[in-house]
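> A structural model of the following input is requested.
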Amino acid sequence: MTRMEEWAVLFDLDGTLVDTAAIWRSAFVALINARQPVPAGATDGLAGLTALEAITTIHRRLDWSGLDPVADVASVEAAVEQRYRDGATSWHAEGLHLIAALQADGVPVGLVTSSSRYILDALMAHPGTPKFKVVVCGNDVKRTKPAPDPYLLAAQRLGLPPSRCAVVEDSPTGLASAVAAGCPVVMIGDQRQLAAGQVTSLGRLTPPSLRQAVSAATHWAPSDAGGRRQGLDSGPAGKRIESR
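Got it, this is the predicted structure:
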């Protein structure tokens, strides 16, 4: 049985702990520019889409019939990976401070991202990268965000019910995933989402405030999300471009 003091925090990656939106957008623009001038709006509205969904949207908008979207996904992801290895982005200092404070209090910390493992590995190679108790990538589940599978799997690996795992997210896609899993959620930024608490930045969060979110969740969340644990078989998944 899970004791009341046992809890954890699961962090989203893109846009929450690391700014990556500009890197992905640059890779999309470079792909388009290699074939034609980039029309206005070509990369608009791709937030929350997997890389394949985003590329498919671009193909449709630009009438790129006959071109292979899977090959373009590989090209874009390779460009993003290289930018990560070149140090084009870094971990938020506020996030690193919060993670260190949680770990000092003995709170397990996990990372849940829809990015593929090899792209994440490029980022995790940076000096000062935090250590996570569990890491769930897009490759680890059949259905990635907004499906509940990633957060359910992370909770399962921690040996905790989802209601004991506070989630820190920044996108509606991630919010939907965490809420569907039964996790209490805190949103970063002014997302105007009624289904979760909100703070303007990571610097506004503390271990006690996250613990309070978990305590509040115990009054409404099921203690066992077993009914939602179906579909957690490992398998390939699209890489979701969060917070774009």
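
> hey, let's count contacts and neighbours off CA atoms from now on
Noted.

> am I right that G110 sits in a helix?
No - under the criterion used here (DSSP: H, G, I helix; E, B strand; the rest coil), G110 is strand, not part of a helix.

> restrict stretch 175-182 to CA atoms and write it as PDB.
Written as PDB, here are the backbone C-alpha positions of stretch 175-182 (Å, rounded to 0.1, in the frame of the first residue of the first chain):
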ATOM      1  CA  LEU A 175      -2.100  18.700 -19.800                       C
ATOM      2  CA  ALA A 176      -4.500  16.400 -21.500                       C
ATOM      3  CA  SER A 177      -2.100  13.400 -21.100                       C
ATOM      4  CA  ALA A 178      -1.500  14.000 -17.400                       C
ATOM      5  CA  VAL A 179      -5.200  14.600 -16.600                       C
ATOM      6  CA  ALA A 180      -6.200  11.500 -18.500                       C
ATOM      7  CA  ALA A 181      -3.700   9.500 -16.500                       C
ATOM      8  CA  GLY A 182      -5.100  10.800 -13.200                       C
END
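
> can you name every helix or strand that the strand or helix carrying A71 contacts?
Using DSSP states H and E, A71 falls within helix 69-85. Using 3 or more CA pairs under 8 Å, 6 or more residues apart in numbering; DSSP states H and E, the elements in contact with helix 69-85 are helix 21-33, helix 51-62, helix 117-124.

> now tell me what touches the last one from outside.
Yep, that's helix 117-124 we're talking about. 77, 80-82, 84-85, 137-139 (CA atoms under 8 Å, 6 or more residues apart in numbering).

> among those residues, who's most crowded?
The most crowded member of these is G138, carrying 25 neighbours; neighbours defined as other CA atoms under 10 Å.

> dihedrals phi and psi, L10?
With angles defined as degrees, to the nearest 10, L10 shows backbone torsions of phi -110, psi 120.

> if you could redo that for P161, that was the one I meant.
Main-chain dihedrals, P161, degrees, to the nearest 10: phi -70, psi 150.

> number of residues surrounding it?
When counting by other CA under 10 Å, one arrives at 24 neighbours for P161.

> is it true that it touches A154?
No - with contacts counted by CA atoms under 8 Å, P161 stays clear of A154, the gap being 9.9 Å.

> okay, D121 and Q82: tell me how far apart.
11 Å (CA to CA, to the nearest Å).

> report the buried residues of stretch 201-214.
Going by neighbour count (16 or more other CA atoms under 10 Å), the buried part of stretch 201-214 is 202, 205, 207, 210-211, 213-214.

> relative to V168, which of the contacts of helix 117-124 is nearest.
Proximity of the contacts of helix 117-124 to V168 was ranked by CA to CA; the top entry is C137 with 15.9 Å.

> would you agree the closest one is in contact with S114?
Yes - using CA under 8 Å, C137 is in contact with S114, at 5.3 Å.
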